[in-house]
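S.K.: Give the three-dimensional model of this entry:
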Amino acid sequence: MYVTISCSFQVMTAQLVLATDFYQTFAKVTFQDGEVTWDRLLSPARLPNYPVRIGFLSGSRKDRRSQEYRYSFLDMHDTDDLQQVWLIQNIHDVTESSLTGSGISAPGHLYYQLSDNDPDTFVNPAWRCRQWLITEQDSSPLDQNAVKNDAMNCPCSLDQVQTGYFRIYSHSDIPTDHVCYVRRDSGYGSEDTLAAGELPTPRCCYNVSSHALNANHRALQGWNLYQRYDDDDQRQTADDEAYGFCCGEGVTSSAMCLEFLDRRPVSRCTDFVPPATCEFMRTFPWVTRV
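M.R.: Residues are numbered from 1 along each chain as shown. Below you'll find the model as predicted:
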């Protein structure tokens, strides 16, 4: 990718190449010959530093990495610095290696290591999310339209939950002011169509005080998403971990989160019909509300 920045007095053209193995990320910046020209009307009184800074700044405030070209922002009050301005204006002729011990160097090229992760402990959430999405897409026999429809069948209120149909779903990470339920048996379709360990069900989570169904997946940290497998199945554990990689705090790709939620939709009550109400209204058709 070539990037050109220009105005009436200054022009810079450079190529940026990013490379990653999902543990470390590297960058190479290549400057075009003679294409770093800036306002030459320098005056220490008007402009105390040469107006060029080259380098990178990456990471969060807690874990920030930065590196700057050693001739950046030269002091115009310093005679030695004034004599080094050509190292900015002709950076295409300068050989500078920024990868310590790598032996990589070439005129006009700057090399940076943007991260310093331990490959034994570092987890790249975007990569883990993408791997889950690929695996899920390749292996899933479930009809996604049926899953989305089934996810709409939570009772709308905690008062409508019938323990004959639903059981409490427990996990230490579920907020203490909420209680969650799953169906006792799969309502997805014929049990004969399900593989071993599959027990598709919406996970319906309610505020203990208001009894209202909560469809905010971030507030529930993903515990109100559609569940595909039995509680103790390792594949369900992997699904719940994948939510953190795709949609958790600090994840920057909303597209990946939306793709994950397309596979594991939020549990809602759009299509729910209370069983007892349904039978009661068949017997007494003049009753319009229970």
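
S.K.: Helix or strand next in line after the helix or strand hosting Asp80, which one?
M.R.: Per DSSP states H and E: Asp80 is located in helix 79-82. Using DSSP H and E, the next helix or strand after helix 79-82 towards the C-terminus is helix 86-89.

S.K.: And that following helix, what's buried?
M.R.: Residues of helix 86-89 classed as buried: Leu87, Ile88 (neighbour count, 16 or more other CB atoms under 10 Å). Quick note: C-beta positions are derived from backbone N, CA and C, even for glycine.

S.K.: now do stretch 227-243
M.R.: Burial within stretch 227-243, assessed by neighbour count using 16+ other CB under 10 Å, is assigned to Gln227, Arg228, Tyr229, Asp233, Gln236, Asp239, Asp240, Ala242, Tyr243.

S.K.: Got phi/psi on the residue lying closest to the fifth one once chain neighbours are set aside?
M.R.: Read it as Gln236. Residue nearest to Gln236 in three dimensions, not counting chain neighbours: Tyr229, with 3.8 Å by CB to CB, 6 or more residues apart in numbering. Main-chain dihedrals, Tyr229, degrees, to the nearest 10: phi -110, psi 170.

S.K.: what's the helix holding Asp80 packed up against?
M.R.: On a contact count with 3 or more CB pairs under 8 Å, 6 or more residues apart in numbering; DSSP states H and E, helix 79-82 meets no helix or strand.

S.K.: Which residues outside that helix are in contact with it?
M.R.: By CB atoms under 8 Å, 6 or more residues apart in numbering, the residues outside helix 79-82 that reach it are Tyr50, Leu74, Asp75, Met76.

S.K.: Likewise for stretch 66-73?
M.R.: So stretch 66-73 is contacted by 49-50, 52-58, 84, 87-88, 91, 96, 98, 110, 112 (CB under 8 Å, 6+ apart).

S.K.: any weak-confidence spans in the stretch 151-290 of the chain?
M.R.: Where the stretch 151-290 of the chain drops to pLDDT under 70, the residues are 186-193, 250-252, 275-290.

S.K.: That one: strands as residue ranges?
M.R.: Per DSSP state E, counting those that start in this stretch, the stretch 151-290 of the chain carries strands over the ranges 166-169, 178-183, 198-201, 204-207, 227-229.

S.K.: Check the stretch 1-150 of the chain too.
M.R.: Going by DSSP E, counting those that start in this stretch, the stretch 1-150 of the chain shows strands at 2-6, 11-20, 25-37, 55-59, 64-68, 109-113.

S.K.: weakest of those strands by average pLDDT?
M.R.: For these, mean pLDDT drops lowest on strand 2-6, to a mean of 51.

S.K.: Okay, and the beta partners of the residue lying closest to Tyr112 once chain neighbours are set aside?
M.R.: Leaving aside its sequence neighbours, Tyr112 sits nearest to Ala27 (CB to CB, 6+ apart; 4.6 Å). Beta-bridge partners recorded for Ala27 (DSSP bridges): Leu18, Tyr112.

S.K.: Which residues are in contact with Gln160?
M.R.: Contacts of Gln160 by CB under 8 Å, 6+ apart are Phe272, Pro274.

S.K.: I'd like to know how far it sits from Asn216.
M.R.: Gln160 is 19 Å from Asn216, where distance means CB to CB, to the nearest Å.

S.K.: do Pro202 as well
M.R.: Counting by CB to CB - Pro202 and Asn216 are separated by 15 Å.

S.K.: Looking at those two, which is more packed in?
M.R.: Between Pro202 and Asn216, counted using other CB atoms under 10 Å, Pro202 has the larger neighbour count: 29 against 9.
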